[in-house]
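1. mind folding the following:
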Amino acid sequence: MSMGGAPKKGSTTAEPYINVTPLIDVLLVLLIIFMVVTPLKPSRFKADIPTQRDPNEDLSKLKPNPLTLVVTIGSDLQLKLNQDSLGSVNDVAPLAQRLSAVFQQRQDQRAYRVGYETRTDVKEEDRIEKTVFVKAPRATKYGDVVKVIDAIKGAGANPVGLQVDDLP
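-> Take a look at the predicted model:
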């Protein structure tokens, strides 16, 4: 019996034959798609890390930035913007509305980020201080924190910093 493609005369059994040409074509198309898409994926996540401080430095003399916004998630899932209560994790709309109003007020008053006061090469909207810190207890569920971050980002905050209570 031969290994050829066509059956011999008088033979009733058909030899199995797989045509791999279409499979190779599909493989090449997938390869091209992956080669085109790969440069489009984000290659890094930008994170600003605080600088190391001298442990003997007296921190009581440091004055906090008056433009600092801190959203605190309580253990009962209640939200506070600095010291003002603004609903809960299940209803983040009041927080988003309040942040939008604060950012609009800052734009009207031209409250710029530190170091961006004289930068004319950056758009006016990007020069406004819109940094928000989210402070949550370690026991808070990840999904609850993400809901708050989504509301903060939706209000226009950039960047969003994270703080964790109860760090050792």
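2. now the helices: where do they sit in this structure?
-> Per DSSP state H, the chain carries helices over the ranges 21-37, 93-109, 124-127, 142-154.
3. mean pLDDT and distance to G87 for those - can I get that in a markdown table?
-> From N, CA and C alone the C-beta is placed, and that goes for glycine too. A markdown table is the format used below for these (pLDDT from 0 to 100; distance: least, CB to CB, whole Å):
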| stretch | mean pLDDT | distance to G87 |
| --- | --- | --- |
| helix 21-37 | 91 | 40 |
| helix 93-109 | 88 | 4 |
| helix 124-127 | 80 | 27 |
| helix 142-154 | 90 | 10 |
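4. can you say which of those helices is nearest to L67?
-> helix 93-109 (7.4 Å; CB to CB).
5. what is that closest one packed up against?
-> Where contact means 3 or more CB pairs under 8 Å, 6 or more residues apart in numbering; DSSP states H and E, helix 93-109 is packed against strand 69-73, strand 78-81, strand 84-88, helix 142-154.
6. one more time with 7 Å
-> strand 78-81, strand 84-88, helix 142-154 (3 or more CB pairs under 7 Å, 6 or more residues apart in numbering; DSSP states H and E).
7. and of the ones you listed, who's closest to Q105?
-> Closest approach to Q105 among the helices and strands packed on helix 93-109 (CB to CB): strand 78-81, 13.3 Å.
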